[in-house]
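*Asks:* Below: sequence and its predicted model.
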Amino acid sequence: MNTEQIVRTFTEYFEERGHRRITGSTLLPSPDDPVLFTTSGMHPLTPYLEGRPHPQGRRLVNVQRCLRTTDLDEVGDTTHLTVFEMLGTWSLGDYEGPLSLDWGYGLLTEGFGIEPGLLHATVFGGDDRTGPDTDSLKLWQERGVPVELTVEDNWWSNGPVGPCGPDSEIFLWTGDGPPESTPTGDDRWVEVWNHVMMRHRRLGDGSLVPLPQRNVDTGLGLERLATVLQGGTSVFDCDVLVPWRRPLLDLWQLDDASLRLVCDHLRSALVVIGDRVHPANTGRGYVLRRLVRRVLTRLWRDDPSHSLGDLPHELIQHTLHHFRQQSDPDDLRRELLEEERRFGRLLEHGRRVLARPRFRGRLKEEDFRYLHDTHGLPRDLVQSLRPQCPV
């Protein structure tokens, strides 16, 4: 299945079970939301998880594009992306967790044809605030799926306060031989689907109070699932990333880790710009700026002549089409090139500043603060300009 077929199979499966498809939002939360970007499918639905009636009912399904900066340093491995799509389902005070898990098991094994023996689940084992999730444990035992009990790994929250609850995660075995160990013991178990029993609200003091209704919130990573179904070993092998890998490898001759980082960050930057964000020194614009400059740092490390102006037009168009964005590809290219010029000027300035006698030895915290506040040189840039010097 390609990703379009996966999305169609997923949504039709849940529509047949009474769910209404809702339109996913952009990467930008509502203006009164303190979070910079939409990080999960449930993010735009928070008011409804807290009890507000949803105009389309109590069973929902959608596809939501998301951006997470918490995994930024992990990008370059085989499972993490900065911008990705999440397939989601919700029960807003309707059915409970075991039914959601049972439907999930049925879709994976029957709808997507995954061998049951390649599945493993994890379940919340309980702590001093709440007991173990025995309902989910029982469901998996009845289906013959091995289960691992954890605590921190199976409690989901979207921040220090707000809706939260125990979750059960579904993993797929991606190793060459028969499954081994457990998800916490072997990283060849890849998480694809998380089912959260959203029953609590965490207050500022850390205490938990019941939500007005018992919800179920699930999220399935589209690119990770596509990778498994398409026989890939990395998310960069799935059909929405392969069109990026081949042209960039020919264009810039990058090693595998660099190629994955450049593919991810450039593609993510285009999606962010497509959602009307511009590079800046703070907020969303700084996230975008950091993505672009990480790409340029990696490219210029091998060859200073590399330029984002060489990015093929069809890659920009492919990304805009996939994420259903209406921006002009030429506008996105101009934004990238302008940021490239700004970064080039900053690098030249940074090299001149760091050549001063004051900065030839080990840098202290006060040096980093001065370089940032006076010259606009962030720590990571200073360290990239002085790779052989102690800091």
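*Replies:* Great, that's in hand.
*Asks:* would you list every one of the helices in the stretch 251-391 of the chain?
*Replies:* 256-274, 283-302, 313-322, 329-354, 365-375, 379-385 (DSSP state H, counting those that start in this stretch).
*Asks:* buried sites along the fifth one?
*Replies:* Right, the one you point to is helix 365-375. Using 16 or more other Cβ atoms under 10 Å as the test for burial, helix 365-375 gives 367, 368, 370, 371. All C-beta atoms are positioned from the backbone trio N, CA, C, and that covers glycine.
*Asks:* try the longest one
*Replies:* By neighbour count with 16+ other Cβ under 10 Å, helix 329-354 contains the buried residues 329, 332-333, 335-336, 339-340, 343, 346-347, 350, 353-354.
*Asks:* Ok, the third one next?
*Replies:* The neighbour-count check on helix 313-322 (16+ other Cβ under 10 Å) flags 315, 316, 318, 319, 320, 322 as buried.
*Asks:* The helices of the stretch 251-391 of the chain: lowest mean pLDDT?
*Replies:* Among those, helix 379-385 has the lowest mean pLDDT, at a mean of 80.
*Asks:* re earlier: what's the closest of the helices of the stretch 251-391 of the chain to residue 129?
*Replies:* Evaluated over these, closeness to residue 129 peaks at helix 283-302, with 33.3 Å, by Cβ to Cβ.
*Asks:* Pull out the buried residues from the closest one.
*Replies:* By neighbour count on 16+ other Cβ under 10 Å, the buried set for helix 283-302 is 284, 287-300.
*Asks:* Can you get me a residue count around residue 9?
*Replies:* 15 (other Cβ atoms under 10 Å).
*Asks:* For the residue nearest to it when sequence neighbours are not counted, give me its contacts.
*Replies:* Nearest non-adjacent residue to residue 9, counting by Cβ to Cβ, 6 or more residues apart in numbering: residue 111, 5.5 Å away. Neighbouring residues of residue 111 by Cβ atoms under 8 Å, 6 or more residues apart in numbering: 9, 10, 13.
*Asks:* roughly how far apart are residue 111 and residue 85?
*Replies:* Counting by Cβ to Cβ, to the nearest Å, the gap from residue 111 to residue 85 is 18 Å.
*Asks:* returning to what we had before: same list (the buried residues of helix 329-354) but as JSON lines, adding distance to residue 380.
*Replies:* Shown next, in JSON lines, are the buried residues of helix 329-354 (distance: Cβ to Cβ, whole Å):
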{"residue": "329", "distance to residue 380": "30"}
{"residue": "332", "distance to residue 380": "25"}
{"residue": "333", "distance to residue 380": "25"}
{"residue": "335", "distance to residue 380": "22"}
{"residue": "336", "distance to residue 380": "20"}
{"residue": "339", "distance to residue 380": "16"}
{"residue": "340", "distance to residue 380": "17"}
{"residue": "343", "distance to residue 380": "13"}
{"residue": "346", "distance to residue 380": "12"}
{"residue": "347", "distance to residue 380": "13"}
{"residue": "350", "distance to residue 380": "12"}
{"residue": "353", "distance to residue 380": "16"}
{"residue": "354", "distance to residue 380": "14"}
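*Asks:* Local confidence estimate at the closest residue to residue 132 other than its chain neighbours?
*Replies:* Excluding the flanking residues, the one nearest residue 132 by Cβ to Cβ, 6+ apart is residue 126, at 3.6 Å. Residue 126 is assigned 93 on the pLDDT scale.
*Asks:* And what about residue 126, helix, strand or coil?
*Replies:* coil (DSSP: H, G, I helix; E, B strand; the rest coil).
*Asks:* Might one say that it is in contact with residue 150?
*Replies:* No - using Cβ atoms under 8 Å, residue 126 is not in contact with residue 150, being 10.2 Å away.
*Asks:* Now do the same contact list for the residue nearest to residue 382 when sequence neighbours are not counted.
*Replies:* Computed as Cβ to Cβ, 6+ apart, the closest residue to residue 382 that is not its neighbour in sequence is residue 371, at 5.7 Å. Going by Cβ under 8 Å, 6+ apart, residue 371 touches 353, 354, 359, 377, 382.
*Asks:* Same question for residue 241.
*Replies:* By Cβ under 8 Å, 6+ apart, the contact set of residue 241 is 223, 235, 263, 267.
*Asks:* from those, which single one is nearest residue 28?
*Replies:* The nearest member of the contacts of residue 241 to residue 28, counting by Cβ to Cβ, is residue 267 at 17.7 Å.
*Asks:* Test my guess that residue 170 contacts residue 108.
*Replies:* Yes - with contact defined as Cβ under 8 Å, residue 170 reaches residue 108; the gap is 7.1 Å.
*Asks:* Overlap in contacts, the two.
*Replies:* With Cβ under 8 Å, 6+ apart as the test, residue 170 and residue 108 both reach 119, 193.
*Asks:* ok so, going back, dump the contacts of residue 371 to JSON lines, plus distance to residue 39.
*Replies:* Formatted as JSON lines, the contacts of residue 371 follow (distance: Cβ to Cβ, whole Å):
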{"residue": "353", "distance to residue 39": "36"}
{"residue": "354", "distance to residue 39": "35"}
{"residue": "359", "distance to residue 39": "37"}
{"residue": "377", "distance to residue 39": "29"}
{"residue": "382", "distance to residue 39": "29"}
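*Asks:* Mind picking the one among these that's closest to residue 308?
*Replies:* Among the contacts of residue 371, residue 377 lies closest to residue 308 (Cβ to Cβ), at 21.3 Å.
*Asks:* Any figure for the gap between that closest one and residue 72?
*Replies:* Per Cβ to Cβ, residue 377 is found 20 Å from residue 72.
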